[in-house]
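# mind folding the following:
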Amino acid sequence: MTLLIASWNVNSIRARLENVLNWMRSKNPDILLLQETKVQNQDFPKELFEDLGYNLALFGQKTYNGVAILSKSPLEDIRFGLTSGSEEARYIEAFTSGVRIASIYVPNGQAKDSPKFPYKLNFFKDLQTRIKTLLSYDEILVLGGDFNVAPTDLDVHDPFLWHEKILCTSEERQAFHALLHLGIFDALRCLHPKDPLYTWWDYRANSYQRNNGLRIDHFLASSQALDCLEKANVDIQERGLEKASDHAPIWLTLKK
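Here you go, the predicted model:
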């Protein structure tokens with residue numbers, strides 16, 4: 001049995017609805033993680049996805065943020081938020097198809113001198129605490145989403161231009177690598193150790209056409225998931241479509 005898991009920051013599900021539905025009909029993922037849905041739960045067009053055979057777990061918010069898990073199998077043990085009383089819809093977790101899965105939208109941070117920057121680093125600390133717990137379950141674990149960090153210079157089209165800028169600061173990179181030090185793995189990099197993969201291109205300055213991108217969307221996989229990891233890649237062509245998100249979907253396959 002091969003399981004196809006995908007993750008996509010859609011930058012508004014309503015604005016990107018036809019693109020997402022068309023991609024799902026073509027790719028047919030078993031599990032899809034969404035970020036930046038930007039709608040409250042009651043406004044999510046769930047019936048259209050249910051018609052395709054998906055169960056949905058939604059953690060929405062008006063105008064901003066919003067994460068979701070869509071699965072062809074039932075969703076169990078659903079958790080909303082990293083901490084109790086989480087106000088921003090940035091983390092949702094569930095168990096489905098024999099996999100513990102989470103959709104994550106890490107705060108952008110804005111700039112190093114912004115109050116949103118320490119908020120981002122604190123989010124990583126909360127995520128680190130949660131991952132420690134999840135790894136203790138000894139399960140197949142896959143965390144996917146927009147982490148808003150390019151972990152190394154290989155993940156940046158122009159490291160000199162982006163040096164110590166938001167998404168590429170040493171503090172953000174240290175926070176991301178602290179997750180890996182727990183014993184979880186960057187799945188895309190495990191299979192593509194030297195390829196300059198990008199997942200996000202700014203809408204400005206013809207960034208996609210010039211391939212001036214960053215890799216800020218990631219899958220973090222437990223050793224149990226890594227043992228059955230077959231493929232992983234980025235569907236970059238989706239970024240070139242009309243009304244595209246500024247992110248491309250990422251995906252991996254597990255042979256169970």
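
# look up how far residue 93 lies from the closest residue to residue 245 other than its chain neighbours.
Ranked by C-beta to C-beta, 6 or more residues apart in numbering and with sequence neighbours excluded, the top spatial neighbour of residue 245 is residue 11, at 4.2 Å. C-betas here are computed from N, CA, C, even on glycine. Distance of residue 11 to residue 93, given as C-beta to C-beta, to the nearest Å: 22 Å.

# okay, stretch 185-195 in PDB with CA atoms only?
C-alpha atoms of stretch 185-195 as PDB (Å, rounded to 0.1, in the frame of the first residue of the first chain):
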ATOM      1  CA  PHE A 185      13.900  14.300   9.600                       C
ATOM      2  CA  ASP A 186      13.500  16.800   6.700                       C
ATOM      3  CA  ALA A 187      11.900  14.400   4.300                       C
ATOM      4  CA  LEU A 188      12.500  16.400   1.100                       C
ATOM      5  CA  ARG A 189      16.200  16.900   1.900                       C
ATOM      6  CA  CYS A 190      16.600  13.200   2.700                       C
ATOM      7  CA  LEU A 191      15.800  12.400  -0.900                       C
ATOM      8  CA  HIS A 192      17.200  15.500  -2.500                       C
ATOM      9  CA  PRO A 193      20.300  16.400  -0.500                       C
ATOM     10  CA  LYS A 194      21.800  18.700  -3.100                       C
ATOM     11  CA  ASP A 195      18.900  19.900  -5.200                       C
END
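
# could you look up the SS state of residue 211?
With DSSP: H, G, I helix; E, B strand; the rest coil as the basis, residue 211 sits in coil.

# what is the neighbour count of it?
By other C-beta atoms under 10 Å, the residues close to residue 211 number 12.

# please apply the same query to residue 209.
Residue 209, neighbours per other C-beta under 10 Å, totals 10.

# contacting residues around it?
By C-beta atoms under 8 Å, 6 or more residues apart in numbering, no residues touch residue 209.

# phi, psi of it?
When read as degrees, to the nearest 10, the backbone of residue 209 gives phi -60, psi -30.

# now do the strands in the stretch 51-200 of the chain.
55-59, 67-71, 76-80, 91-96, 99-105, 141-146, 185-186, 200-201 (DSSP state E, counting those that start in this stretch).

# can I get the ones you listed in CSV with mean pLDDT, mean neighbour count and distance to residue 241?
Converted to CSV, the strands of the stretch 51-200 of the chain look like this (pLDDT from 0 to 100; neighbours: other C-beta atoms under 10 Å; distance: least, C-beta to C-beta, whole Å):
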stretch, mean pLDDT, mean neighbour count, distance to residue 241
strand 55-59, 99, 21, 24
strand 67-71, 99, 26, 20
strand 76-80, 98, 13, 31
strand 91-96, 99, 24, 26
strand 99-105, 99, 25, 22
strand 141-146, 99, 26, 19
strand 185-186, 99, 20, 27
strand 200-201, 99, 24, 13
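
# quick one, helices of this structure?
17-27, 46-50, 116-135, 159-162, 170-180, 187-191, 223-227 (DSSP state H).

# dump the strands of the stretch 51-200 of the chain to TSV, plus distance to residue 194.
Formatted as TSV, those follow (distance: least, C-beta to C-beta, whole Å):
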stretch	distance to residue 194
strand 55-59	36
strand 67-71	31
strand 76-80	36
strand 91-96	31
strand 99-105	26
strand 141-146	22
strand 185-186	13
strand 200-201	20
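
# out of the helices of the chain, nearest to residue 210?
Nearest to residue 210, of all the helices of the chain, is helix 159-162, at 12.4 Å by C-beta to C-beta.
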